[in-house]
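Peer 1: Sharing a sequence plus its predicted fold:
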Amino acid sequence: MLKKFLLGFFILSAFVSIKALYDNPNSASFMYFVFNMLLILYFALKIKKENG
């Protein structure tokens, strides 16, 4: 349950980072976007592994 909540939170956070990247394209906002994508991938694979 917590992992699904965190996955949803990071997906919403990714939309915020896309907006930040659009408004101010610099390396910090790009790294924030990449970090969000990695966290989403990690939690999605962890949930998929649990469910089989």
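Peer 2: Cool, the structure landed. From a predicted model like this one, the values you see are computed outputs, not experimental measurements.

Peer 1: wait, what's in contact with the residue nearest in space to the middle of the chain?
Peer 2: With distances taken as C-alpha atoms, centre = their mean, residue 36 lies nearest the centre of the chain, 3.1 Å away. Going by C-beta atoms under 8 Å, 6 or more residues apart in numbering, residue 36 touches 10, 13, 14, 17. Placement of C-beta: from N, CA and C, glycine included.

Peer 1: secondary structure class for it?
Peer 2: Secondary structure state of residue 36, per DSSP: H, G, I helix; E, B strand; the rest coil, is helix.

Peer 1: Just give the closest residue to it, not the sequence neighbours.
Peer 2: Leaving out its chain neighbours, the residue that sits closest to residue 36 by C-beta to C-beta, 6 or more residues apart in numbering is residue 14, at 4.3 Å.

Peer 1: just checking, that neighbour touches residue 40?
Peer 2: Yes: with contacts counted by C-beta atoms under 8 Å, residue 14 reaches residue 40, the gap being 6.3 Å.

Peer 1: sorry, back to before: the residue nearest to residue 36 and residue 35, how far apart?
Peer 2: Look at residue 14 and residue 35: by C-beta to C-beta, to the nearest Å, they are 10 Å apart.

Peer 1: neighbour count winner among these two?
Peer 2: Legend: neighbour count by other C-beta atoms under 10 Å for residue 14 and residue 35, higher for residue 14 (17 against 14).

Peer 1: Distance of the more buried one relative to residue 33?
Peer 2: Distance of residue 14 to residue 33, given as C-beta to C-beta: 7 Å.

Peer 1: and what of residue 51?
Peer 2: Where residue 33 is concerned, residue 51 sits at a distance of 27 Å (C-beta to C-beta).
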